[in-house]
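> Take this sequence and fold it.
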Amino acid sequence: MRRINLLFSVIYILMVILVISPNFSLAGEKEDNFDKGVAANGAGDHRQAVYFFELAAHAGLGMAQYNLGIMYENGQGVGKDHREAVRWHRKAAEQGNGHAQYSLGRMYRIGLGISEDHMEAVNWYRKSADQGYAEAQADLGLMYELGQGVDKDQKEAVRWFLKAADQGLARGFNELAWIYATGSDQEFRNGRDAIQYAKLAVSIENIASYRDTLATAYVEDGQFEAAIAEYERAIELGGRNQIREYQEYLQKKSCYSGPIDGDYGSASKLALKTCVSRGMKMGID
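A predicted model of the protein is given here:
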């Protein structure tokens, strides 16, 4: 009864091949569909990208699930749907995809497509940060700095910002500079260190908010002329919105009584110089 004739052996082997082969071809197929989706997206054909990402995502490929979530989040090739974005980010995040874990944490933090939940945001940020994802490390540091979802802890915030900065993330350097220039914990208040971190952030990404941080660092170090110059560079980069933001602050501090019109005229210039020369940091109460 235990004897297997040659015909049965051949049939058995064919059955094994038929059962196993789809699994192996499926792995290759879903990766191939993912690559096609990436290529289509790069060529600007977002609808085609979504088609291929969906094939790969339904087959269980985490990176395709994450990309599909991004397409739903941005409304590229498909109607914008933040709940659907959350659903796909979660599928990928539960498979350990660090990009998706970060995105899910971000959506929990701001309540995008799901109820705002800072503790859940911290949970997913940490999973991603522990995998070395720099953006998640920076956001986790911010949660500790602000005390959102965790107890406020500037030392822990600095630890995570340093991890992000060590990977060359401009935001990591900028957040370090901000803490060293404005933080409530005197252990970290150091104008010179703030300037160095802010300069590194600007050297990587020259944007208005980072110039603003550099200016604030100069104020902390008592270099008021340098601070004024950097605030004006922030204005050049940020345009009228940046000017309005400064005008509102200057008006609040009784340094400016003119209109909030986004025009950096003589009255606004004089107010900025007067306020900063007194050691005031723009936007800091």
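> give me every residue that touches residue 81.
72, 75, 113 (C-beta atoms under 8 Å, 6 or more residues apart in numbering). C-betas here are computed from N, CA, C, even on glycine.
> Let me have those in JSON lines, extended by pLDDT and neighbour count.
Output for these, formatted as JSON lines (pLDDT from 0 to 100; neighbours: other C-beta atoms under 10 Å):
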{"residue": "72", "pLDDT": "98", "neighbour count": "25"}
{"residue": "75", "pLDDT": "97", "neighbour count": "13"}
{"residue": "113", "pLDDT": "98", "neighbour count": "20"}
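> Among those, which are located in strands?
Using DSSP state E, no member of the contacts of residue 81 falls within strands.
> just curious, which of those residues is nearest to residue 189?
Comparing the contacts of residue 81 against residue 189 with C-beta to C-beta places residue 113 closest, at 38.5 Å.
> Just give the nearest non-adjacent residue to the closest one, would you?
In this structure, residue 113 finds its nearest non-sequential neighbour in residue 82, 2.9 Å apart by C-beta to C-beta, 6 or more residues apart in numbering.
> Could you report the neighbour count for residue 236?
For residue 236, the neighbour count with other C-beta atoms under 10 Å is 11.
> pLDDT at it, what is it?
With respect to pLDDT, residue 236 scores 98.
> what do you get for residue 109?
For residue 109, the model assigns a pLDDT of 98.
> ditto for residue 185
Per-residue pLDDT puts residue 185 at 87.
> Let me know the secondary structure of the closest residue in space to residue 110 that isn't next to it in sequence.
Closest residue to residue 110 apart from its sequence neighbours, by C-beta to C-beta, 6+ apart: residue 116 at 6.8 Å. In three-state terms, and counting by DSSP: H, G, I helix; E, B strand; the rest coil, residue 116 is coil.
> how about residue 116, what does it touch?
Taking C-beta under 8 Å, 6+ apart, one finds 108-110 in contact with residue 116.
> one step back: tell me if I'm right that the residue nearest to residue 113 and residue 72 touch.
Yes: the pair residue 82 / residue 72 is scored as a contact, 7.3 Å apart, by C-beta atoms under 8 Å.
> picking up where we left off before, next, format the contacts of residue 81 as JSON lines and append distance to residue 142.
Shown next, in JSON lines, are the contacts of residue 81 (distance: C-beta to C-beta, whole Å):
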{"residue": "72", "distance to residue 142": "25"}
{"residue": "75", "distance to residue 142": "26"}
{"residue": "113", "distance to residue 142": "20"}
